[in-house]
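Chemist: okay, predicted coordinates and the sequence, questions at the end:
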Amino acid sequence: MAGVRVERVVTSGVFALDGGSWEVDNNVWIVGDDHEAVVIDAAHDAEAIIAALGERRLTAIVCTHAHNDHINAAPALAEATGAPILLHLDDRVLWKQTHQNREPDSYLSDNQRIEVAGTELQVLHTPGHAPGAISLHLPALGAVFTGDTLFAGGPGATGRSFSHFPTIIRSIRDRLLTLPAATVVHTGHGDDTTIGDEAPHLEEWIARGH
């Protein structure tokens with residue numbers, strides 16, 4: 001039996017906020033073993049995610065935040081699999097912009113543990129890109145899933161509604177850059193990075209207001 005592992009599915013669609021829309025590619029992360037898994041950010045294409053899951057039991061659909069491009073496939077995936085949708089309460093206002101008739105099944109809290117395949121994901125509340133943005137630390141594999149909080153090259157965007165640059169900097173400094181340097185950062189869009197690669201640039205990000 002294979003142990004717990006991380007898989008990426010890239011889906012494409014539209015991100016819409018504040019009256020604008022942009023074509024985007026999203027990283028959908030599957031964490032689990034041969035028998036069960038969780039999905040992090042059900043973006044755009046429920047069928048593609050279901051195909052990647054195969055015969056595995058989906059135990060949770062975890063949302064790093066509630067921008068539409070990270071949650072638009074969540075209800076369809078939940079309906080197909082019976083898995084609950086989990087979101088931080090502070091992002092409920094954003095969730096309702098996309099899904100007015102479907103609530104998340106449960107609201108996440110800081111430091112909560114989500115069990116899967118004999119290991120745990122730890123919820124880190126990392127607001128700034130969105131008020132309820134979270135990251136998920138997976139110590140067993142030396143990994144963290146940061147959604148749109150931290151990318152290869154710097155913080156996520158804070159120029160739109162419900163975002164705040166000083167807050168995202170605090171989240172990155174206090175909750176993410178304190179993780180071991182070798183920790184692999186699995187992002188919401190684009191390539192992986194590591195905590196060690198990003199940590200030296202914190203002051204640069206602050207200086208340029210990213």
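Modeler: Cool, got the structure. Keep in mind that this is a model prediction, so the values were computed, not measured. Numbers count the residues shown, from 1 in each chain.

Chemist: and the helices in this structure?
Modeler: For the chain, helices defined by DSSP state H occupy the ranges 46-53, 68-71, 74-81, 92-98, 165-171, 195-198, 202-208.

Chemist: looking at these, which is buried most?
Modeler: Compared across the helices of the chain, helix 68-71 shows the largest average neighbour count, a mean of 26 (mean count of other C-beta atoms under 10 Å). Every C-beta, even on glycine, is put in place using the N, C-alpha and C of the backbone.

Chemist: tell me the helices and strands packed up against that helix.
Modeler: In this structure, helix 68-71 makes packing contacts with strand 5-17, strand 20-32, helix 92-98, judged by 3 or more C-beta pairs under 8 Å, 6 or more residues apart in numbering; DSSP states H and E.

Chemist: mind checking the end-to-end distance for stretch 66-74?
Modeler: In stretch 66-74, first residue to last residue: 10 Å (C-alpha to C-alpha, to the nearest Å).

Chemist: I'd like the mean pLDDT over it, please.
Modeler: Averaged over stretch 66-74, pLDDT sits at 98.

Chemist: give me the contacts around that stretch.
Modeler: 11, 13-17, 24, 26, 41-46, 49, 61, 63-64, 85, 87, 91-92, 94-95, 97-99, 130, 132, 147-148, 188 (C-beta atoms under 8 Å, 6 or more residues apart in numbering).
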